[in-house]
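A.B. asks: build me a model:
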Amino acid sequence: MTSAIMHSIPPIPHKTRKGWGTQSSVCIGRIARLDPLSQPVFTDPVLSANAVPSQPSRLYSVPTSHRRPASLPTQSLSKTPSRSPGLDTLRSIAILAVMRFHLGWVMPGTLQGVQRFGWTGVDLFFVLSGFLIGSQLFKAHAEGAPILWPFYRRRLFRILPAYLVVVALYFAWPTWREFGPTAPLWQFLTFTENLLYDASWNHSFSHVWSLCIEEQFYLVLPLMVLALARKPSYRKTILVLVGFVSVGIAIRTWVLVHQLLPLGPDEAGADYMEHIYYPTYSRMDGLLAGVALALVKTFRPAWWSALSRRGHATFIAGVALVAVAFWLFHDRWSFKTGSAAWGTVLGFPLLSLGLALVVASAVSQNGWLRLKIPGAGLLASLAYSLYLTHKAAAHLAHTYLPQWTPGSTPGTFLVVAASCLGVAALLHYGVERPFMALRDRPKTATEPEESMRLDPAHNEVAPMLKSL
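C.D. replies: Next up is the predicted model:
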């Protein structure tokens, strides 16, 4: 992808909108040029590896009498900014971890050891999603643009086409199913499968639970942003975030004490999946951590600048917290006693906080994750299609090529990997890309979708936003 090309546009009135207890400047391009008598000239630290605020990057209130028209640069709509290597790397790690967890039967013995924590790839997806989509939503709101329909429109074009194709395959072609039965069609169409999951039997497409959580969360998030913005308050926003995390902790504690402890191991395992692991109300920690990171980036630029200058330290701190969470989850099915019980109650928010710091390091000025890894961009682009189809693709390979997929051998691994990538590529290039192109058709600058597409921190984040 080519770098963004900046162009001047005719002067427009400088507008401000209160957000998160402060003043958020309208910033459609790389730099918001504010009145030098009242405001520092601020450059988002994510924008460039060398971009540092010329003064402490605090956004002050600008008296109406001091505001004046400003000529703001903007990016060319015909060019796509370069991708963020750090975010591509993390998204690739997330999808590989999930596939490793679900497809353990195809892995050679030398790779079996990493399967235990592969499920945490979903939590990394949650944090990435909360950060990227939260950044998109908050920037559009801070710029004064309508957010409800543009936001929901982007989600509909991004999620539904590929998803509905896969749902149709599960119900129209029984061979596609990795297991025999499936949940009822209406649960998939309403994204409620995770709330009604029956863990007493395995069923096909069960991994859609995480997509259900995201869609339920993003159905409510824009409404919450509008509600909180009526009387913006830093403390109120913090209380809402902490409140949701506390509700999850309370629910998991109650389920552990009153439902899991009295049950035997087999029954407790099914109950754990149904009432702790899959439901939205106990698994929002990753999304909330990503949204909190997006709030800091958008409304607390001084904090974000300080975080961005400490990429190595942020990464080390994040990895340390993830390691503690892994220790709590080291024997996840012994969740009723000892450290595993603490993992059940506190492990998810601790894991999410650590992953949020890793994500912050990935878009920092000097983080190790900024190193571009060959193939990471492709995997990141295919991640959604891979997530939807990897179980079915592996099943088809084993069904139609049994002589090439005898068990956990290097040959089986290569055949299944090629099958997963091939099916995902067909879905991505045949369905995802055309609908995203339709969604992102060039609009005039006065249309609401414009502000949803332009992110001031576009050099690092906007390319990932376009893939969401």
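
A.B. asks: tell me which other helices or strands the host helix or strand of residue 434 touches.
C.D. replies: For residue 434, the enclosing helix or strand under DSSP states H and E is helix 433-439. Counting contacts by 3 or more C-beta pairs under 8 Å, 6 or more residues apart in numbering; DSSP states H and E, the secondary-structure elements packed against helix 433-439 are helix 148-172. For glycine as for every other residue, the C-beta is placed from the backbone atoms N, C-alpha and C.

A.B. asks: quick one: buried residues of the helix or strand containing residue 377?
C.D. replies: Remark: residue 377 resides in helix 376-400, with elements defined by DSSP H and E. Using 16 or more other C-beta atoms under 10 Å as the burial criterion, the residues of helix 376-400 that qualify are 376-377, 379-398.

A.B. asks: over to stretch 138-145?
C.D. replies: Counting neighbours by 16+ other C-beta under 10 Å, one finds that the buried residues in stretch 138-145 are 138-143, 145.

A.B. asks: which one of those residues is nearest residue 171?
C.D. replies: Nearest to residue 171 out of the buried residues of stretch 138-145 is residue 140 (C-beta to C-beta; 36.1 Å).

A.B. asks: ok, the closest one touching residue 154?
C.D. replies: No: distance between residue 140 and residue 154: 10.1 Å, which falls outside the contact criterion (C-beta atoms under 8 Å).

A.B. asks: following the helix holding residue 377, which helix or strand shows up next?
C.D. replies: Proceeding C-terminally, helix 376-400 gives way to helix 410-427 as the next helix or strand, assigned by DSSP H and E.

A.B. asks: quick one: contacts of that following helix?
C.D. replies: Residues external to helix 410-427 that are found in contact with it (C-beta atoms under 8 Å, 6 or more residues apart in numbering): 99, 103, 106-108, 111, 162, 165-166, 382, 385-386, 388-390, 392-394, 396-398, 401, 404-406.

A.B. asks: distance from the chain centre to that helix, please.
C.D. replies: Its chain's average C-alpha position is 24 Å from that of helix 410-427, according to C-alpha atoms, centre = their mean, to the nearest Å.

A.B. asks: what's the answer for stretch 238-255, then?
C.D. replies: Here the centre of mass of C-alpha atoms in stretch 238-255, compared against the chain's by C-alpha atoms, centre = their mean, lies 20 Å away.

A.B. asks: can you give me the buried ones in it?
C.D. replies: Across stretch 238-255, burial judged by 16+ other C-beta under 10 Å covers 244-245, 248-249, 251-252, 255.

A.B. asks: send the alpha carbons of stretch 183-198 over as PDB?
C.D. replies: This file holds the C-alpha atoms of stretch 183-198, laid out as PDB (Å, rounded to 0.1, in the frame of the first residue of the first chain):
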ATOM      1  CA  ALA A 183     -27.200 -24.700  16.800                       C
ATOM      2  CA  PRO A 184     -30.500 -23.400  15.300                       C
ATOM      3  CA  LEU A 185     -30.200 -21.000  12.400                       C
ATOM      4  CA  TRP A 186     -31.900 -18.200  14.200                       C
ATOM      5  CA  GLN A 187     -29.100 -18.100  16.800                       C
ATOM      6  CA  PHE A 188     -26.500 -17.500  14.100                       C
ATOM      7  CA  LEU A 189     -28.700 -14.900  12.400                       C
ATOM      8  CA  THR A 190     -29.300 -13.000  15.700                       C
ATOM      9  CA  PHE A 191     -25.700 -13.400  17.000                       C
ATOM     10  CA  THR A 192     -27.000 -15.000  20.200                       C
ATOM     11  CA  GLU A 193     -25.300 -18.400  19.900                       C
ATOM     12  CA  ASN A 194     -22.900 -17.600  22.700                       C
ATOM     13  CA  LEU A 195     -25.700 -16.800  25.200                       C
ATOM     14  CA  LEU A 196     -27.600 -20.100  24.500                       C
ATOM     15  CA  TYR A 197     -24.700 -22.400  24.000                       C
ATOM     16  CA  ASP A 198     -25.200 -26.000  25.200                       C
END
